[in-house]
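**Q** sequence plus predicted model, see below.
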Amino acid sequence: DVLTAFFSLFAGAPAISGPQACLWRVNRNREGTLAMFRSTAVVKADAARKLFGVRGAGIRWAILDSGVDATHLAFRRRGPDGAVARDWTTGTRVVATYDFSRARALLGAHTLEALGGIAGAFRAAGGEISAASVPLSTLHGIDWDEWEERLRVPHTADGYRPPTHRHGTHVAGILAADWRPEDSPDDELSPSLLSPQHEQPRTGVAPEVELYDIRVADDTGKCNEFAVIAALQFIRAINARHEHLEIVGVNLSLSLLHHAANFACGRTPVCEECERVVASGVIAVAAAGNQGRARYLTTEGEIDEGYRSISITDPGNAPSVITVGATHRSDPHGFGVSYFSSRGPTGDGRQKPDLVAPGEKVVSTVPGNREEAMDGTSMAAPHVSGAAALLLARHPEFIGRPAEVKRVLCATAIDLERERYFQGAGLLDILHALESI
């Protein structure tokens, strides 16, 4: 019915002379959802940093999310004396900020202009075209050098717009925060049950990693497949300009439900783009999703609850990404895999998730020099991104070899003695991973 309605729009449209590119695929633009400091000790990040003397220096990681607050004290550079940089515009470890949440509108307007007579013929046949109806195939052949400045959020006092949604900054803090009590005399955070000692530093897994803030979600936390694919292509374009990998990894703490009627599992447009990114040498870490438990409406009209297998979401279904489930923040052996964490296998029978890491009530940074606790496999994924960053900082020869990094992290994980489709290879163990090489 959809195809019939689509082709009926072209009925009676005038023929266009000259060679024309064929429209060979139409994809749905799926909506996505956005699926610390105490938890880093659970994965032995603190011990690994002390023993091996690595903090992630020289490593750059992309955060595809709702935005990272570049003004936050947790992401400031430090001088030789350890003092934090006071001017965030030149002292932030957030290297650059790009807003891909509006990429579809910008690219759509450009595409409509380029279509010219074709768009007119389509409208004459009764069709409606707007920037919001631009297909995913529009992204192929985009000159990202041309679009970079249009998508950039400048790091200037009057031009920068901090994110309003807390998710991206929270994820970034788990990966790369370095926030110490002496950094600000105005640190007025009050103790809480989850974080009772604010006189202690709040340190992420890899506190010297530099970040690319690539916003694919808007101020309400909503994102779509078009924006994620565009951002992933942009990362490949950035790396193509350099003789080395400028961005060595990407964190995808987001979730898109797999529509089995349209694509095979792991072969959706966003999954295929993840495969291209990994093939280019970039490590991709994705949240498994938070679909492990759901409510059901019975035939008698009653509400029931139950656990769900085969609930991994995209892009976690992509074969080459490191898909991460969630555990308790401080007692993973006792509580095992979080009730909400999506379980495998994938819809086509592959083993997922790959690893688990803390994802319950994880305290991390949020915009405005604050911190909060959040739950989700979104919080688990940056623990693994941080582990991979420390591994690359210690052993640069692994840069550009994402499959080898994935193998090491999985081979050294701690078996929680849970079902394979719940825990994957087990709990992330950063110290063991570094010791194994």
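**A** Yep, that arrived.
**Q** by mean pLDDT, which helix or strand of the chain comes out lowest?
**A** Lowest mean confidence among the helices and strands of the chain (mean pLDDT, DSSP states H and E): helix 117-124, at a mean of 50.
**Q** in the chain, where is pLDDT below threshold?
**A** The chain contains residues with pLDDT under 70 at 16-28, 30-37, 108-141, 185-199.
**Q** what about the closest residue to Ser253 other than its chain neighbours, how many neighbours?
**A** Among residues not flanking Ser253 along the chain, Ser378 sits closest, at 3.6 Å (C-beta to C-beta, 6 or more residues apart in numbering). Just so you know, the C-beta spots here come from the backbone N, C-alpha and C atoms, and that holds for glycine as well. By other C-beta atoms under 10 Å, 31 other residues sit near Ser378.
**Q** so Ser378 versus Ser338, what's the distance?
**A** 12 Å (C-beta to C-beta, to the nearest Å).
**Q** give the residues shared as contacts by these two.
**A** Gly359 (C-beta atoms under 8 Å, 6 or more residues apart in numbering).
**Q** gap between the two ends of stretch 295-303?
**A** End-to-end span of stretch 295-303 (C-alpha to C-alpha, to the nearest Å): 7 Å.
**Q** and stretch 154-173, by the same measure?
**A** 21 Å.
**Q** so which residues of the stretch 251-400 of the chain form helices?
**A** Secondary structure of the stretch 251-400 of the chain, counting by DSSP state H, counting those that start in this stretch: helices at 269-279, 332-335, 377-394.
**Q** residues making contact with the first one?
**A** Right, helix 269-279. By C-beta under 8 Å, 6+ apart, helix 269-279 touches 27, 30, 136, 225, 228-229, 232-233, 235-236, 250, 252, 256, 263, 284, 286, 314-315, 317-321, 402-403.
**Q** now, of these, which are buried?
**A** 27, 30, 136, 225, 228-229, 232-233, 235-236, 250, 252, 256, 263, 284, 286, 314-315, 317-321, 402 (16 or more other C-beta atoms under 10 Å).
**Q** show me these that map onto strands.
**A** Val250, Leu252, Ala284, Ala286 (DSSP state E).
**Q** report the two of those separated the most.
**A** Val250 and Ala286 (9.0 Å; C-beta to C-beta).
**Q** rewinding a little: buried deepest among the helices of the stretch 251-400 of the chain, which one?
**A** helix 377-394 (a mean of 30; mean count of other C-beta atoms under 10 Å).
**Q** quick check: angle from it to strand 283-287?
**A** 160 degrees (axes from the mean of the first three to the mean of the last three C-alpha atoms, to 10 degrees).
**Q** spatially central residue in the protein, please.
**A** Leu252 (1.6 Å; C-alpha atoms, centre = their mean).
**Q** is it true that Thr298 touches Asp304?
**A** Yes - the criterion here is C-beta atoms under 8 Å, and Thr298 meets it with Asp304 at 5.5 Å.
**Q** between those two, what contacts are shared?
**A** If you check Thr298 and Asp304 against C-beta under 8 Å, 6+ apart, no residue is contacted by both.
**Q** before we move on, the earlier item: who's the nearest residue to the residue nearest to the centre of the chain once chain neighbours are set aside bridged to?
**A** Setting aside the residues directly before and after it, Leu252 is nearest to Ala286 in space (C-beta to C-beta, 6+ apart), at 4.3 Å. For Ala286, the beta-bridge partners are Leu252, Thr323 (DSSP bridges).
**Q** show the contacting residues for Ala286.
**A** With C-beta under 8 Å, 6+ apart, Ala286 has these contacts: Leu252, Ser253, Leu254, Cys274, Pro315, Gly316, Ala318, Val321, Ile322, Thr323, Val324, Ala381.
**Q** straight-line length of stretch 93-107, end to end?
**A** Termini of stretch 93-107 sit 29 Å apart (C-alpha to C-alpha).
**Q** ok now it, how far from the chain's centre?
**A** Taking the mean of its C-alpha atoms, stretch 93-107 sits 14 Å from the chain's own mean (C-alpha atoms, centre = their mean, to the nearest Å).
**Q** for it, buried residues please.
**A** For stretch 93-107, by 16+ other C-beta under 10 Å, it's 93-101, 103-104, 106-107.
**Q** redo the residues you listed as CSV? Include distance to His432.
**A** CSV is the format used below for the buried residues of stretch 93-107 (distance: C-beta to C-beta, whole Å):
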residue, distance to His432
Arg93, 27
Val94, 30
Val95, 30
Ala96, 34
Thr97, 35
Tyr98, 36
Asp99, 39
Phe100, 36
Ser101, 38
Ala103, 40
Arg104, 43
Leu106, 45
Leu107, 44
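**Q** which one of those is nearest Ala15?
**A** Among these, and counting by C-beta to C-beta, the member closest to Ala15 is Leu107, at 27.3 Å.
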